[in-house]
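# the following comprises the amino acid sequence and a computationally predicted model.
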Amino acid sequence: VQLVESGGGSVQPGGSLRLSCAASGLTFSNYDMKWYRQAPGKERELVANIRSAGGTTNYADSVKDRFTISRDNVKETVYLQMNSLKPEDTAVYFCNAYFSSSHNYWGQGTQVTVSA
């Protein structure tokens, strides 16, 4: 199984970025897909998730109304559209594919830096 994130980078406050996570080696449509982030010195936190069936989404309060998670089951890719970025959004963002405790996979992470 491989999860490959892309789309990270540096942006000014108020800017936007779109992260992508391309999956391979798994039945993508069966997996709940999640984005986590980890800032220096802080614990990894769940940012957003999208269920395998029905596409129900949930967001951390800190990103609600600014971030949008979506998935394309044909392309086997999950996205995170991030708008109105703030300096406190600076972190390494990780893609996660979850089916069960024994089928739980992580990407390598992509850095997002928000600064003036």
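Received the coordinates, thanks. Numbers count the residues shown, from 1 in each chain.

# surely Arg18 and Tyr79 touch.
Yes. At 6.2 Å, Arg18 counts as touching Tyr79 under the criterion of CB atoms under 8 Å. (Each C-beta comes from the backbone N, C-alpha and C, glycine too.)

# so between the two, which is more surrounded?
Neighbour count, other CB atoms under 10 Å: between Arg18 and Tyr79, Tyr79 has more, with 20 against 14.

# please identify which helix or strand holds the closest residue to the more buried one other than its chain neighbours.
With sequence-adjacent residues excluded and distances taken as CB to CB, 6 or more residues apart in numbering, Tyr79 is closest to Ser70, at 4.9 Å. Using DSSP states H and E, Ser70 maps to strand 67-72.

# does anything pack onto that strand? Which helices or strands?
strand 32-38, strand 45-50, strand 57-59, strand 77-82 (3 or more CB pairs under 8 Å, 6 or more residues apart in numbering; DSSP states H and E).
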